[in-house]
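Undergrad: Need a 3D model of the following:
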Amino acid sequence: MFAFVAAVILVYTSACAALLATEGAVRADNPFVLSLVLVVWAAPIGAAWLTAELLAPLLRHRRVLNPAFSWWLPRFVRGLVAGLAGAAGAVAFRAWFDGTSYDSMITAGAAAMGTAMVLCTSRRIRPGACVSCGYDLRGLTESAGGRCPECGVAWSGADGAATSGVLVDNQPLGG
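TA: A predicted model of the protein is given here:
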């Protein structure tokens, strides 16, 4: 979860810094700075984090947020995509709903939709499949050595059968 949210924070921090630099508003007494930080930084990051936290239990069979199933870099890239989708959505919604609602609600809603879009479209972990490569492990016996024949990652299943696809270690075969 950390890598995903860190990438979202990076996107919105960059957007906030760019807007502050173009406005020349980096003064402590300027009320524009506080509203800009709330609208462009705090609201979308909070909404993206809350959306990811709320969707995580529903998406427990997805690879995206579980560190046992994916390396930190794919989670970071998905966070960047979610942040960019949310920022693009905020720009589009801001033009569409101009003057009808608060800007922080627009950016937070766009960030939540971008996060939900990225998380819900991630690959699913099939029951009985290797969590590393997705190879179907059903029907394998202990004679297979407790390793996936495709990628060599160790697995454990109920009563020696590879039905659950639970990752034991991430050591390649012979390593």
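
Undergrad: how about the strands in this structure?
TA: 155-156, 166-167 (DSSP state E).

Undergrad: Setting the sequence-adjacent residues aside, check what's closest to residue 126.
TA: Once flanking residues are discounted, residue 126 sits nearest to residue 134: 7.0 Å by CB to CB, 6 or more residues apart in numbering. For glycine as for every other residue, the C-beta is placed from the backbone atoms N, C-alpha and C.

Undergrad: Same question for residue 116.
TA: Among residues not flanking residue 116 along the chain, residue 51 sits closest, at 5.6 Å (CB to CB, 6+ apart).

Undergrad: tell me the domain boundaries of the protein?
TA: Domain assignment for the chain, taken from automatic domain parsing, gives 2-120, 126-175.

Undergrad: would you turn these into a markdown table with mean pLDDT and mean neighbour count?
TA: Shown next, in a markdown table, are these (pLDDT from 0 to 100; neighbours: other CB atoms under 10 Å):
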| stretch | mean pLDDT | mean neighbour count |
| --- | --- | --- |
| domain 2-120 | 82 | 17 |
| domain 126-175 | 62 | 15 |
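
Undergrad: where along this protein do the helices fall?
TA: Using DSSP state H, the helices of the chain run over 2-23, 31-37, 43-55, 72-96, 103-120.

Undergrad: so which of these comes closest to residue 153?
TA: helix 72-96 (16.4 Å; CB to CB).

Undergrad: name the helices or strands packed onto that closest one?
TA: Packed against helix 72-96 by the contact rule (3 or more CB pairs under 8 Å, 6 or more residues apart in numbering; DSSP states H and E) you find helix 2-23, helix 43-55, helix 103-120.

Undergrad: List the neighbours of it that are in contact with it.
TA: Helix 72-96 is contacted by residues 1, 3-12, 15, 44, 48, 64-65, 67, 103, 106-107, 109-115, 117-119, 122 when judged by CB atoms under 8 Å, 6 or more residues apart in numbering.

Undergrad: Give me the angle between that helix and helix 103-120.
TA: Counting by axes from the mean of the first three to the mean of the last three CA atoms, to 10 degrees, helix 72-96 lies at 140 degrees to helix 103-120.

Undergrad: Test my guess that residue 40 contacts residue 108.
TA: No: using CB atoms under 8 Å, residue 40 is not in contact with residue 108; the gap is 10.7 Å.

Undergrad: Mind listing the shared neighbours of these two?
TA: Common contacts of residue 40 and residue 108, defined by CB under 8 Å, 6+ apart, are absent altogether.

Undergrad: Tell me, how many residues neighbour residue 124?
TA: Residue neighbour count, defined by other CB atoms under 10 Å, stands at 12 for residue 124.
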